[in-house]
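[1] Fold the following for me, if possible:
(one chain, ligands or ions: 2)
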Amino acid sequence: MKESTSKAYAIAKERYAEYGIDTEKVIAQLQEFHLSMHCWQADDVAGFESTGDLTGGIQATGNYPGKARNIDELRADILKAKTLIPGTHRLNLHEIYGDFQGKKVDRDECGVEHFQSWIDWGLENNTKLDFNSTSFSHPKSGNLTLSNPDKSIRQFWIEHTKRCRDIADAMGKAQGDPCIMNVWVHDGCKDVSVNHALYRRLLKESLDEIFAEKKEHMKDCIEGKVFGIGLESFTVGSHDFYTAYAAQNGKIPTIDTGHYHPTEIPADKVSALLQFVPELMLHVSRPIRWDSDHVTIMDDNTLELFSEIVRADALDRVHYGLDYFDGAINRIGAYVVGSRAAQKCMLRALLEPKELISKYELEDRHFEVLALIEECKALPWSAVYDEFCERNNVPVGTAFIDEIQKYEKEVTSRR
Ligand code: RNT
Ligand code: ZN
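    Ligands and ions are numbered 1, 2, ... in the order given. Next comes the predicted model:
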């Protein structure tokens, strides 16, 4: 262990003790904080099904060389990223990342057999799996999938999503821990339209049919959005729609931090939703103007989000997915920066002296609340993070940059 790291940690430990915070306990909590790393950062959401374009309300920009072109490269890149991120983390797969062995497997034909090698890989690499149905980038994606008035198209996507639940259930069973399956569909209208109630009724009916079968080893999440690219005027699966659906049906709403109006604070959803729904799924991202998917950083929105979870004492009621895709920079670097940023936000949330602040607030002493929140920003949390990295045998500070450059030179740049 580097002497400077351990000295800095010893001082940090004392400083936090002055506020009643036990940094050893916090490090133990951070060790139990598992991100669900999104497989789709490795190849700009391409998947292994076809070489077609990414369509359906989302877009990845950038042409940085070296993206993963097949399942082996994707697995290698994710394992590389994992060596640079402290802790143990899950992997979030989309259906288009199945092991199709070069065969054409349409979305209404997918089955557990196409994910058996992922299940084995997860067990071998101590990586639990989460899952997503994929309704974009397909000839039948169009503007409407589960809410399409054309029954045959709607049925196609219902069948797909049901099959995805079977796959997720098999993953959960094999790993002895529920697989969290997210449903996001891009359904919407580009321009003025009048059949909103119809589309929403159809989406509700499709979801009812999809969720009809109880599953033991997976949990369902539903993800809303303000708008999709090319579908700016109307979104069938809006936040109101899914919030109401989740509350009525005991489902898990997914809070994608890139999916709200610019002045809306995603963190504020946590204590509101958790009064009515069992759990939450997160897609931690970073919205920039029209793009909802820049690499996660330690920004105010993310800090506040994790703080609200800790303050609500809801650490075990939340699943921590990441969801960004940046094709303009080294993609493994994007994984590492974003994952470490999410961990730092959680660490800072755990280090907040919340009992003290809460006491002041309940006594109506608001200057003291403000002062403490301000002071906490400058407490030596980074020394605790460095110590956490040391204990997990991953590079401390910027040392991961060299490792990623080396991997780029030896592996990704040769693709
Ligand atoms: C899109 C949603 C969705 C996707 C992934 C790839 O706006 O956020 O979660 O990003 O499913
Ligand atoms: Zn998302």
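[2] Quick one: the helices in this protein, in order.
    Counting by DSSP state H, the segments of the chain that form helices are 3-18, 23-31, 71-82, 116-124, 151-175, 196-211, 239-249, 268-273, 300-311, 331-350, 354-362, 366-377, 381-391, 399-410.
[3] Relative to Ile255, which of those helices is closest?
    For these, proximity to Ile255 was assessed by Cβ to Cβ; helix 268-273 is nearest, at 5.4 Å. Where C-beta positions appear, they are placed from N, C-alpha and C, glycine not excepted.
[4] which parts of this protein sit against ligand 2?
    Proximity of the chain to ligand 2 (Cβ under 5 Å from the ion) is limited to residues 256, 283, 323.
[5] distance of Met281 from Pro262?
    22 Å (Cβ to Cβ, to the nearest Å).
[6] quick one, which of these two is more surrounded?
    Taking neighbours as other Cβ atoms under 10 Å, Met281 and Pro262 compare with Met281 leading, 25 against 7.
[7] residues from the stretch 301-415 of the chain in reach of ligand 1?
    Those residues of the stretch 301-415 of the chain that sit near ligand 1, judged by Cβ under 6 Å from any ligand atom, are Asp323.
[8] Quick check, the residue in the stretch 301-415 of the chain closest to ligand 2?
    Proximity to ligand 2, evaluated over the stretch 301-415 of the chain using Cβ to the ion, is greatest for Asp323 at 3.8 Å.
[9] So that residue sits against His283, correct?
    Yes. Asp323 is within contact range of His283, at 3.5 Å (criterion: Cβ atoms under 8 Å).
[10] got any ranges where the chain has weak pLDDT?
    Within the chain, the ranges that satisfy pLDDT under 70 run 1, 51.
[11] which bits of it sit near ligand 1?
    40, 45, 58, 132, 184, 223, 225, 256, 283, 292, 323.
[12] at 8 Å instead, please
    For the chain, the contact set with ligand 1 under Cβ under 8 Å from any ligand atom comprises 38, 40, 45, 57-58, 94, 132, 134, 136, 182, 184, 186, 223, 225, 228, 254, 256, 258-259, 283, 285, 292-293, 323, 325.
[13] Among the residues you listed, which lie within strands?
    Taking DSSP state E, the ones among the residues of the chain next to ligand 1 that sit in strands are 38, 94, 132, 182, 223, 254, 256, 283, 292-293.
[14] possible to save the residues of the chain next to ligand 2 as TSV with neighbour count and distance to Arg311?
    Output for these, formatted as TSV (neighbours: other Cβ atoms under 10 Å; distance: Cβ to Cβ, whole Å):
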residue	neighbour count	distance to Arg311
Asp256	24	21
His283	27	21
Asp323	26	23
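[15] Would you mind giving the residues you listed as TSV with distance to Ile309 added?
    Output for these, formatted as TSV (distance: Cβ to Cβ, whole Å):
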residue	distance to Ile309
Asp256	15
His283	14
Asp323	17
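[16] hmm, back to that, mutual contacts of Asp323 and His283, please.
    Each of 38, 256, 258 lies in contact with both Asp323 and His283 under the rule Cβ atoms under 8 Å, 6 or more residues apart in numbering.
[17] Which one of those residues is nearest to ligand 2?
    Closest approach to ligand 2 among the shared contacts of Asp323 and His283 (Cβ to the ion): Asp256, at 3.6 Å.
[18] bridging residues for the closest residue to the closest one other than its chain neighbours?
    The shortest distance from Asp256 to any residue other than its chain neighbours is 3.6 Å, reached at His283 (Cβ to Cβ, 6 or more residues apart in numbering). For His283, the beta-bridge partners under DSSP bridges are Asp256, Gly321.
[19] and His283, what does it touch?
    The neighbours of His283, taking Cβ under 8 Å, 6+ apart as the test, are 38, 182, 223, 254-259, 321-323.
[20] List the buried residues in stretch 82-98.
    82, 84-98 (16 or more other Cβ atoms under 10 Å).
[21] actually stretch 133-141, sorry about that
    For stretch 133-141, by 16+ other Cβ under 10 Å, it's 133-138, 140-141.
[22] Those residues into JSON lines, with extra columns for distance to Ser358?
    Shown next, in JSON lines, are the buried residues of stretch 133-141 (distance: Cβ to Cβ, whole Å):
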{"residue": "Ser133", "distance to Ser358": "40"}
{"residue": "Thr134", "distance to Ser358": "43"}
{"residue": "Ser135", "distance to Ser358": "43"}
{"residue": "Phe136", "distance to Ser358": "43"}
{"residue": "Ser137", "distance to Ser358": "47"}
{"residue": "His138", "distance to Ser358": "49"}
{"residue": "Lys140", "distance to Ser358": "52"}
{"residue": "Ser141", "distance to Ser358": "47"}
